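1. Predicted model and sequence follow; I will ask about them next.
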Amino acid sequence: MAVRKRFYTKRDQAASSFPGFPTYVEKTSRTGRRIFLFLVVLLLLAGAVLGGLYYLGMSGGQKLSFLPSKPTPTLIPETPTPSPSPTPVLARKDLSVAVLNGSGTAGAAGTMADYLKGLGYTVSKTGNASRFDYTKTTVEVRAGKQQFLSLLKDDLAKHGLQDIDATISAQLSTDAVVIVSK
């Protein structure tokens, strides 16, 4: 049996049915009702939470459908990076070279021709130059093959020739002419 707290308050005497006697009115405390309502609301909330967890557990542990299953990748447009244009690989066999002796030393053109053949050049002719007083080795390359000029000069420098005159000529019968000096 619940114990109810009762409070008595005094009422106006004018409203009293017995004059000269105070009238008391019984009032009960509302604390019990508040506790009861609080427990009911708490039980409803706990039931809702437990029911939601049960529902999620029964769905096989799948994620909720309104949440994305995996992140959506963001496409960032790539700006093409400029790549250096490839330098053409020069094949020494594609250059036809005439080697001429401009020093007057016997066999100088043949020695140079053998060296250039060993590097892969195509030696088309060996012989003597029109004169034997060249003081610098001379390299002439036809205008259509000027990309070979620096390669041929570098190869001659590796052979020990440092003082080299190099020109491009439009009037050659071969791709290049090397005149060996003294």
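-> In hand now; what should we look at? Numbers count the residues shown, from 1 in each chain.

2. and the end-to-end length of stretch 173-182?
-> For stretch 173-182, the first-to-last residue distance is 24 Å (Cα to Cα, to the nearest Å).

3. Stretch 128-147 too?
-> Per Cα to Cα, the first residue of stretch 128-147 is 26 Å away from its last.

4. With stretch 133-142 instead?
-> OK, stretch 133-142 end separation, Cα to Cα: 23 Å.

5. buried sites along it?
-> Tyr134, Thr137, Thr138, Val139, Glu140, Val141, Arg142 (16 or more other Cβ atoms under 10 Å). Where C-beta positions appear, they are placed from N, C-alpha and C, glycine not excepted.

6. Report the contact partners of the nearest residue to the fourth one once chain neighbours are set aside.
-> Among residues not flanking Val139 along the chain, Ala166 sits closest, at 4.5 Å (Cβ to Cβ, 6 or more residues apart in numbering). When the contact criterion is Cβ atoms under 8 Å, 6 or more residues apart in numbering, the partners of Ala166 are Thr138, Val139, Glu140, Val141, Leu149, Leu152, Lys153.

7. okay, the last one: pLDDT?
-> Predicted confidence (pLDDT) for Lys153: 91.

8. returning to what we had before: closest to Leu116 out of the contacts of Ala166?
-> Leu152 (8.4 Å; Cβ to Cβ).
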